[in-house]
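Student: predicted structure and sequence below. I'll ask about it afterward.
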Amino acid sequence: MDRFASAEPCGLLGRLWLGLRRLTGDDAYDRYLAHWRKCHGDAGPPLSRAAFYAAELQRRWNGIGRCC
């Protein structure tokens, strides 16, 4: 896990940094791991970071109907 991802925000700048990470989706894998540990901890290993992002790209871009 990213050493900055699990750190508590330190002041306004820290809270802004965490907000920016959430807004851009940079913390998506960290949030996935937290959810996985809480809800699926005994179901086998979680996805690797690369597999998680590949699955997210697949989910996001499959089935999109384009007009052009």
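Tutor: Here it is on my side, so go on. Being a predicted model, the structure only gives us computed values, none of them experimental.

Student: CA only for contacts and neighbour counts going forward, please
Tutor: Fine.

Student: look up how far residue 11 lies from the spatially most central residue of the chain.
Tutor: Computing the C-alpha centroid of the chain and ranking residues by C-alpha atoms, centre = their mean puts residue 28 first, at 1.1 Å. Residue 28 sits 22 Å away from residue 11, taking C-alpha to C-alpha, to the nearest Å as the criterion.

Student: and for residue 47?
Tutor: Taking C-alpha to C-alpha as the measure, residue 47 falls 32 Å from residue 11.

Student: any stretches of the chain with poor pLDDT?
Tutor: Scanning the chain for pLDDT under 70 picks out the ranges 1-9, 64-68.

Student: show me where it has its helices.
Tutor: Along the chain, counting by DSSP state H, helices occupy 11-24, 28-40, 49-61.

Student: buried residues in the longest one?
Tutor: Burial within helix 11-24, assessed by neighbour count using 16 or more other C-alpha atoms under 10 Å, is assigned to residue 18.

Student: gap between it and the chain center?
Tutor: If you compare the mean C-alpha spot of helix 11-24 with that of the full chain, they lie 14 Å apart, counting by C-alpha atoms, centre = their mean, to the nearest Å.

Student: what's the answer for the last one, then?
Tutor: For helix 49-61, the distance from its own C-alpha centre to the chain's C-alpha centre is 10 Å (C-alpha atoms, centre = their mean).

Student: tilt between it and helix 28-40?
Tutor: Using axes from the mean of the first three to the mean of the last three C-alpha atoms, to 10 degrees, one finds that helix 49-61 and helix 28-40 are set 100 degrees apart in direction.

Student: which strands or helices does helix 49-61 pack on?
Tutor: Taking 3 or more C-alpha pairs under 8 Å, 6 or more residues apart in numbering; DSSP states H and E as the contact definition, the neighbouring helices and strands of helix 49-61 are helix 28-40.

Student: buried stuff in the helix it packs on?
Tutor: Taking 16+ other C-alpha under 10 Å as the basis for neighbour counts, the residues of helix 28-40 that come out buried are 28-30, 33, 36.

Student: closest one of these to residue 54?
Tutor: Comparing the buried residues of helix 28-40 against residue 54 with C-alpha to C-alpha places residue 29 closest, at 11.4 Å.
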